[in-house]
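S.K.: what follows is a predicted structure for the sequence shown.
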Amino acid sequence: MLKTEKFYQLLQQQETLLLPGAYDGMTARILEEAGFEAIYVTGAGIANAQLGWADVGLTTLTEIAQVVSWMSDITKVPLVVDADTGFGNSINMQRTIKILEKAGAAAIQIEDQVMPKKCGHFNGKEVISQEEMIGKIHAALDARQDERLAIIARTDALSVLGFDEAIKRANAYKEAGAHAIFIEAPQEYEQIVEIPKLVTGIPLILNLVEGGKTPLFSQTEVQEMGYRVMLCANTVLRGAIKGVKDAVNVLKQEQSQKNIAPYICSWEERQELFKLHEINKMEEKYSEK
C-alpha cells in the first residue's frame with residue numbers, strides 16, 4: 001500500500017492517531033520500531049537539531065527535503081511533513097509540494113503565517129490574509145502528482161486575530177479543499193472542546209507542546225473531544241536533548257566513561273538500530289566469490 005493511501009486510512013479511523021515528531025533518520029527509525037503508525041517531520045526539530053537555532057523560519061526547502069528523503073528511505077510508515085509557509089507565495093508553494101512529494105512525503109502541512117514564520121507557541125506571530133492562504137491551498141492541491149497526498153492546513157490566527165477568526169479561517173480552508181485542519185495554540189479548555197463543534201466534517205489536529213500554550217491531554221481525552229490526530233511534535237527532540245546533556249555531564253565531571261553506561265545505549269543496541277546486520281548480509285551477498 002502506498003504511504004499516501006495509508007495515511008488517508010489513518011485519518012479515517014475511529015481511534016485518534018498519536019503522531020510523534022522526528023528530526024532525522026535516527027529518530028525516525030526509533031519511532032517506527034516503537035510501533036507508531038506515522039511520523040511527523042518536525043520543522044522546529046530540524047531547525048533545533050540541524051541548525052542549532054530556534055524555530056523562527058531559518059530552515060530552507062532543500063534542507064527540509066533532504067531530511068524527508070533520508071527518513072523516507074529507511075521507513076515504511078507515512079511521513080507528515082511540516083512545510084511551514086510553503087517558503088513563499090503560491091508559486092513557491094507549488095515548488096515546495098512537488099519537491100517534498102518526490103522526497104517521500106505522505107502528507108504536507110502548510111500554515112497561514114507571514115514568512116519568515118515563528119513557532120506556533122511563540123509570541124509575535126503575524127498571519128497573511130485568508131484569501132492569500134486559500135490561494136496557497138489551491139496551489140498546493142494542484143501541484144500534487146498523487147491525488148492521495150494529503151494537504152493539511154494550519155491557521156495561527158487564534159493568537160493574532162482571536163478565536164472567531166481562527167474558526168472562520170479553519171472552515172474556509174476546509175472549503176478550499178484541505179484534508180485536515182490544524183488550529184494552532186488554543187490556550188483555554190473551553191476553546192479546545194469547542195473547536196470540533198464549530199469545525200465539522202474534517203479531521204482535526206491538536207498540537208500538544210510540553211510547556212507550550214496548549215494544556216496537555218491524554219490520547220483518550222483528545223479522542224473524546226473530537227480530534228483525529230494528537231500531535232507530539234518535539235517530545236522526541238527534548239528527550240534526546242536531556243539524554244545527551246546527562247551523558248556529557250557525567251563525562252565532563254568524571255573525565256571517564258566508567259560510570260556512563262546508565263546514560264547511553266549499549267553497543268549492541270546501537271548497531272541493531274542502524275541495521276549493521278543487514279549491511280553485513282548485503283556485503284556478503286554482493287561480494288565477489
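M.R.: Received, thanks. Numbering: from 1, shown residues only.

S.K.: distance of Lys285 from Phe274?
M.R.: To Phe274, Lys285 is 19 Å away according to Cβ to Cβ, to the nearest Å. Every C-beta, even on glycine, is put in place using the N, C-alpha and C of the backbone.

S.K.: next: Ile202.
M.R.: 39 Å.

S.K.: got it, and Trp70?
M.R.: Distance of Trp70 to Phe274, computed by Cβ to Cβ: 13 Å.

S.K.: Lys285 and Phe274: who's more crowded?
M.R.: Phe274 (14 against 7; other Cβ atoms under 10 Å).

S.K.: report the contact partners of that one.
M.R.: Residues near Phe274 by Cβ atoms under 8 Å, 6 or more residues apart in numbering: Met26, Arg29.

S.K.: so for it, what's the pLDDT?
M.R.: Looking at Phe274, its pLDDT stands at 96.

S.K.: and Lys168, by the same measure?
M.R.: On the pLDDT scale, Lys168 gets 98.

S.K.: which other helices and strands does the host helix or strand of it contact?
M.R.: When elements are assigned from DSSP states H and E, Lys168 belongs to helix 163-175. Packing contacts for helix 163-175, counted by 3 or more Cβ pairs under 8 Å, 6 or more residues apart in numbering; DSSP states H and E, involve helix 130-143, strand 150-155, helix 157-161, strand 180-183, helix 189-198.

S.K.: distance between that helix and the chain's centre?
M.R.: 21 Å (Cα atoms, centre = their mean, to the nearest Å).

S.K.: got the angle between that helix and helix 189-198?
M.R.: For helix 163-175 against helix 189-198, the angle by axes from the mean of the first three to the mean of the last three Cα atoms, to 10 degrees is 30 degrees.

S.K.: let me know the angle separating helix 163-175 from strand 150-155.
M.R.: 160 degrees.

S.K.: how about helix 163-175, which residues are buried there?
M.R.: Within helix 163-175, the residues that qualify as buried by neighbour count (16 or more other Cβ atoms under 10 Å) are Phe163, Ala166, Ile167, Lys168, Arg169, Ala170, Asn171, Ala172, Tyr173, Lys174.

S.K.: ok, those vs Ala65, which is closest?
M.R.: Distance ranking of the buried residues of helix 163-175 against Ala65, using Cβ to Cβ, places Tyr173 first at 24.0 Å.

S.K.: which residues in the stretch 1-150 of the chain form strands?
M.R.: For the stretch 1-150 of the chain, applying DSSP state E, counting those that start in this stretch gives strands covering 17-22, 39-41, 79-82, 107-111, 150-155.

S.K.: and Val127, which of those strands is closest to it?
M.R.: strand 150-155 (7.4 Å).

S.K.: quick one: list the elements packing against that closest one.
M.R.: helix 3-12, strand 107-111, helix 130-143, helix 163-175, strand 180-183.
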